[in-house]
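In: below are the sequence and a predicted model; questions follow.
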Amino acid sequence: MNKRPDELAAQGRRQFLLKLASASAIVPLGASVSLVALVENNNEEPVTDAVRWGMLIDTSKCASGCDACVRGCNEEHALGDLQRPQTDSQWIRKVEIRDRSSGRVASLPLMCQHCENPPCVDVCPTGASFKRADGIVLVDKHTCIGCRYCIMACPFQARSFVHEALSNQKSYAPRGKGTVESCTLCVHRVDEGQGRQPACAEACDREGHEAIVFGDLNDLQSVLSKQLSASGGTQLRADLELNTGVRYRGL
Amino acid sequence: MRNLCQGLIVVMAAAFSTAVMGSQSLSPTLVIPDSAGDACVEPVDVIRRQHSRFLFEQRDATVHQGIRDGNYSLIGCVECHATRDSNGYPVPVNAAGQFCESCHMFTGVSMDCFDCHATTPDSPP
């Protein structure tokens, strides 16, 4: 039952090679692509830093006044049930910024930026705030004591505190009173594999704006990386050197 | 004095036997509702004693490492053990008399899983 680490490693290698063999046997031309898909779909092995999930948000495509992404997120995670805007959790919000000199207004969705060096993780006294190997910053609510240091530390005000007892949570998105929460990059969809996008990106596409591109920052062949290398993307508060996983264009 | 002690012992013995009898008469009130599947993921004596450990271990692997295909997911428990009401809607597993609640109430062990976790399956009736 209990295996030594070297046995586990050997077993992991064996499974990896078997899968590699089957992938290349089935799709000889697209071996690299199917390999990535296999890694994403594998829920038996821990996630690795071979992948770093991120987003590119094109503010020129993001329509002012549209909140489809916010509604999509709220619906996916059963947020905003209490109808109390002052205290209801916001995992994603729409922000309008105006350039003082030119008067140009840009509209953008703002959520957890999934930093490589997350301040929320630095300040968490219990280790509840953590970054997964694949770059997704999460709260382990089993360990969270609700101190809210992370809320103060986040430069993007991306985190919310659950003030009241909740009911009717989704099975894949447990939420409860006394804990901090924020955008999970729809980690349940990511772990599912199948190339599913986060709910906000899906909602934006459905609305026809296609302002949010989700993908693997480490995979140079991903649509996200190609768009970033072609036209670039800026990080919010780049001066803090957090190396955010969410990038913006047109700010 | 000796008589007093003997009397006390008799009274205590009577009280003890009443307590034992009481707990015996309580046990038939523990009714665990039927579950959907044919068998649990572990033998009944194992899962009764160890389910919290199984759940804790899988929970840490899922939250921190994204391992989601183990046998011991709370979602799996709820899917199997949530009963349906007369209209076919699932009844929360922590409602009075339901699978999780009835046993935890009987043993006097509080559980806080369902402060956060869904108490019914996501799937429609």
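Out: It's in.
In: and chain B, what are its domains?
Out: As assigned by automatic domain parsing, chain B contains the domains B:1-27, B:31-116.
In: now mean neighbour count too, for the ones you listed, in JSON lines please.
Out: C-beta here means a position set from N, CA and C on the backbone, and glycine is covered the same way. Listed next are the domains of chain B as JSON lines, based on neighbours: other C-beta atoms under 10 Å in any protein chain shown:
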{"stretch": "domain B:1-27", "mean neighbour count": "9"}
{"stretch": "domain B:31-116", "mean neighbour count": "15"}
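In: relative to A:Cys115, which of the ones you listed is closest?
Out: When these are compared by C-beta to C-beta, domain B:31-116 sits nearest A:Cys115, at 17.7 Å.
In: compute the first-to-last residue distance for the closest one.
Out: Terminal residues of domain B:31-116 lie 26 Å apart, using C-alpha to C-alpha, to the nearest Å.
In: same deal with stretch B:109-119?
Out: Stretch B:109-119 end-to-end distance (C-alpha to C-alpha) = 18 Å.
In: hmm, who's touching that stretch?
Out: A:141, A:165-166, A:168-171, A:174-177, A:179, B:55, B:74-75, B:78, B:82, B:92-95, B:100, B:104 (C-beta atoms under 8 Å, 6 or more residues apart in numbering or on different chains).
In: nearest to A:Ala68 among the domains of chain B would be which one?
Out: Once the domains of chain B are compared by C-beta to C-beta, domain B:31-116 is nearest, at 27.3 Å.
In: ok so, going back, mean pLDDT lowest for which of the domains of chain B?
Out: Set side by side, those give their lowest mean pLDDT on domain B:1-27, at a mean of 50.
In: in which helix or strand does A:Cys120 reside?
Out: helix A:119-123 (DSSP states H and E).
In: give me the element B:Cys40 is part of.
Out: Counting by DSSP H and E, B:Cys40 is part of no helix or strand.
In: returning to that earlier point: among the contacts of stretch B:109-119, which are in helices?
Out: Members of the contacts of stretch B:109-119 lying in helices (criterion: DSSP state H): B:Leu55, B:Leu74, B:Ile75, B:Val78, B:Cys100, B:His104.
In: how about the residues of chain A near chain B?
Out: Taking C-beta under 8 Å from any C-beta of the partner chain as the test, the list of chain A residues beside chain B reads A:43-47, A:130, A:132-134, A:138, A:140-142, A:165-166, A:168-172, A:174-177, A:179, A:187, A:190-191.
In: rerun that using 7 Å as the cut-off
Out: A:43-44, A:46-47, A:130, A:132, A:140-142, A:169-171, A:174-177, A:191 (C-beta under 7 Å from any C-beta of the partner chain).
In: okay, and which of the residues you listed map to strands?
Out: A:Phe130 (DSSP state E).
In: count of residues packed around A:Met55?
Out: 26 (other C-beta atoms under 10 Å in any protein chain shown).
In: which of the three states applies to it?
Out: For A:Met55, the assignment made with DSSP: H, G, I helix; E, B strand; the rest coil gives strand.
In: which parts of chain B are helices?
Out: Counting by DSSP H, the helices of chain B are B:2-26, B:44-65, B:74-81, B:99-107, B:113-116.
In: likewise for the stretch 1-150 of chain A?
Out: Along the stretch 1-150 of chain A, the stretches classed as helices by DSSP state H, counting those that start in this stretch are A:5-26, A:31-41, A:68-77, A:119-123, A:149-153.
In: least confident of the ones you listed, on average?
Out: Of all these, helix A:31-41 has the smallest average pLDDT, which comes to a mean of 46.
In: which residue packs closest to the spatially most central residue of chain B, ignoring adjacent ones?
Out: Among the residues of chain B, the one closest to the centroid is B:Cys103, at 3.2 Å (C-alpha atoms, centre = their mean). Excluding the flanking residues, the one nearest B:Cys103 by C-beta to C-beta, 6 or more residues apart in numbering or on different chains is B:Ile32, at 6.4 Å.
In: how close does that neighbour sit to chain A?
Out: Distance from B:Ile32 to chain A, counting by C-beta to the nearest C-beta, to the nearest Å: 22 Å.
In: quick one: contacts for that residue?
Out: B:Phe99, B:Ser102, B:Cys103 (C-beta atoms under 7 Å, 6 or more residues apart in numbering or on different chains).
In: pick out whichever of those sits closest to chain A.
Out: B:Phe99 (15.9 Å; C-beta to the nearest C-beta).
In: about what we covered before: and the domains of chain B as CSV, adding distance to A:Asp239?
Out: Putting the domains of chain B into CSV (distance: least, C-beta to C-beta, whole Å) gives the following:
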stretch, distance to A:Asp239
domain B:1-27, 66
domain B:31-116, 31
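In: how deep is A:Leu242 tucked in, by neighbour count?
Out: Applying other C-beta under 10 Å, we find 19 other residues in the vicinity of A:Leu242.
In: so it touches A:Asn117, yeah?
Out: Yes - with contacts defined as C-beta atoms under 7 Å, A:Leu242 counts as touching A:Asn117 at a distance of 5.2 Å.
In: grab the nearest non-local neighbour of the closest residue to chain A within chain B.
Out: For chain B, the residue closest to chain A is B:Cys116, as judged by C-beta to the nearest C-beta, at 3.2 Å. Using C-beta to C-beta, 6+ apart and skipping residues adjacent in sequence, the residue nearest B:Cys116 is A:Gly176, 3.2 Å away.
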